[in-house]
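Q: Take this sequence and fold it.
(2 chains)
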2 protein chains.
Amino acid sequence: MVRYFEDIEIGETHEHGSYDVTEEEIIEFAEQYDPQPFHTDPEAAKETSFGGLAASGWHTAAMCMRLLVEAMDDAEWASQGARGVDELRWIRPVRPGDSISAEYEVVEKRDGDRPGIGEVDSRLTGYRDGDEAVISWIGLGMVEKRDGN
Amino acid sequence: MVRYFEDIEIGETHEHGSYDVTEEEIIEFAEQYDPQPFHTDPEAAKETSFGGLAASGWHTAAMCMRLLVEAMDDAEWASQGARGVDELRWIRPVRPGDSISAEYEVVEKRDGDRPGIGEVDSRLTGYRDGDEAVISWIGLGMVEKRDGN
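A: Here you go, the predicted model:
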């Protein structure tokens, strides 16, 4: 059953599955979008403050977005995308071999300015191997209203 | 000549090149990281509030990151990555055929807590076809100090 803006409650939490991080994907993403040596070159990365190859922070965000989309699908949200993100923080590096999980919690909702769409803010937290936080942000989501007004 | 934390001035701006957006890349990125119909399916996207296929906001951020890395290379910043991002906003949809450019401006700098590394905050703005803003954020960058303390 589709859940609209009116059905969503502050404090509800959702999660879905996990995402396995590979060296190949870290390098492929970074060569296209974030070509810095600590993201593209395992040897050169050892000489940087990362101390070894680490995923681009934007790659970590994208992996968590994948989990977030799947969690919103499970929760049957009538999602209409997001206006933006506040307080995005890369807390720890993500490494080859890590398994990433993510959960989100609704922290605020309001009618907003757009007809038919309400604003739902959620805190996303991504974890490495189940318990170490690696990333967090507050997503400024938009969810369809049931009555369309 | 490498430019360290001490060399960077509030108000300096940098930009580099542009990034051509294709339908193929929009769909490929979204199928991996953000599989929502307005990012993966040109036909289904017409029925959504986007009115047609649009790049994932994380894809737009990644494309701008590519331009930012190139601009930091040109400016010879001794970059050590970033702690996070504040106030990320997706201002307008990015479409197949758009050409994305980006500029960043230093808005604040401070010594920070980590030895040898200073904090440099920059506002990134991404444009479509040169003048329409599509995304902005404040990056919380880290830059090596010359004296290592």
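Q: A:Ile27 and A:Arg146, how far apart?
A: According to Cβ to Cβ, to the nearest Å, A:Ile27 stands 45 Å off from A:Arg146. Bear in mind the C-beta positions are built from the backbone N, C-alpha and C, glycine included.
Q: okay, those two: which has more neighbours?
A: Each of A:Ile27 and A:Arg146 has its neighbours counted (other Cβ atoms under 10 Å in any protein chain shown); A:Ile27 has more, 19 against 14.
Q: Got the confidence number for that one?
A: On the pLDDT scale, A:Ile27 is placed at 98.
Q: Same check on the one 3 residues further on?
A: According to the predicted model, the pLDDT of A:Ala30 comes to 98.
Q: where do the strands sit along chain A?
A: Counting by DSSP state E, chain A has strands at residues A:13-15, A:19-20, A:79-90, A:99-110, A:117-128, A:132-144.
Q: can I get these in JSON lines with mean pLDDT, mean neighbour count and distance to B:Gly51?
A: Below are these laid out as JSON lines (pLDDT from 0 to 100; neighbours: other Cβ atoms under 10 Å in any protein chain shown; distance: least, Cβ to Cβ, whole Å):
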{"stretch": "strand A:13-15", "mean pLDDT": "94", "mean neighbour count": "17", "distance to B:Gly51": "28"}
{"stretch": "strand A:19-20", "mean pLDDT": "97", "mean neighbour count": "16", "distance to B:Gly51": "31"}
{"stretch": "strand A:79-90", "mean pLDDT": "95", "mean neighbour count": "20", "distance to B:Gly51": "12"}
{"stretch": "strand A:99-110", "mean pLDDT": "97", "mean neighbour count": "18", "distance to B:Gly51": "24"}
{"stretch": "strand A:117-128", "mean pLDDT": "97", "mean neighbour count": "21", "distance to B:Gly51": "14"}
{"stretch": "strand A:132-144", "mean pLDDT": "97", "mean neighbour count": "20", "distance to B:Gly51": "15"}
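Q: residue contacts, the closest residue to A:Arg83 other than its chain neighbours?
A: In space, and not counting its chain neighbours, A:Arg83 is closest to A:Leu140: 4.5 Å by Cβ to Cβ, 6 or more residues apart in numbering or on different chains. Counting by Cβ atoms under 8 Å, 6 or more residues apart in numbering or on different chains, A:Leu140 makes contact with A:82-86, A:119, A:121.
Q: could the residues you listed go into TSV alongside distance to B:Ile91?
A: Listed next are the contacts of A:Leu140 as TSV, based on distance: Cβ to Cβ, whole Å:
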residue	distance to B:Ile91
A:Ala82	12
A:Arg83	9
A:Gly84	8
A:Val85	13
A:Asp86	15
A:Glu119	16
A:Asp121	18
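Q: show me what contacts A:Gln80?
A: Residues in contact with A:Gln80, defined by Cβ under 8 Å, 6+ apart, are A:117, A:142-144, B:48-49.
Q: Please name the nearest non-neighbouring residue to it.
A: Residue nearest to A:Gln80 in three dimensions, not counting chain neighbours: A:Met142, with 4.3 Å by Cβ to Cβ, 6+ apart.
Q: Could you do A:Glu105 as well?
A: A:Thr13 is the one closest to A:Glu105 (Cβ to Cβ, 6+ apart), at 4.5 Å.
Q: and chain A, which of its residues are near chain B?
A: For chain A, the residues in contact with chain B (Cβ under 8 Å from any Cβ of the partner chain) are A:29, A:32-36, A:38, A:48-50, A:56-59, A:61-63, A:65-66, A:69, A:79-90, A:117.
Q: on that earlier part again, mind listing the residues bridging to the residue nearest to A:Gln80?
A: When assigned by DSSP bridges, A:Met142 has beta-bridge partners A:Glu119.
Q: Repeat that for A:Asp86.
A: Residues in beta-bridge contact with A:Asp86 (DSSP bridges): A:Ile138.
Q: Return the per-residue confidence for the closest residue to A:Tyr33 other than its chain neighbours.
A: Counting by Cβ to Cβ, 6+ apart, B:Ala62 is the residue found nearest to A:Tyr33 once chain neighbours are left out, at 3.9 Å. B:Ala62 carries a pLDDT value of 98.
Q: What residues does B:Ala62 make contact with?
A: Applying Cβ under 8 Å, 6+ apart to B:Ala62 gives the contacts A:29, A:32-34, A:56, A:58-59, A:62, B:29.
Q: Can you tell me which of those residues is closest to B:Val2?
A: Closest approach between these and B:Val2, by Cβ to Cβ: A:Asp34, at 19.9 Å.
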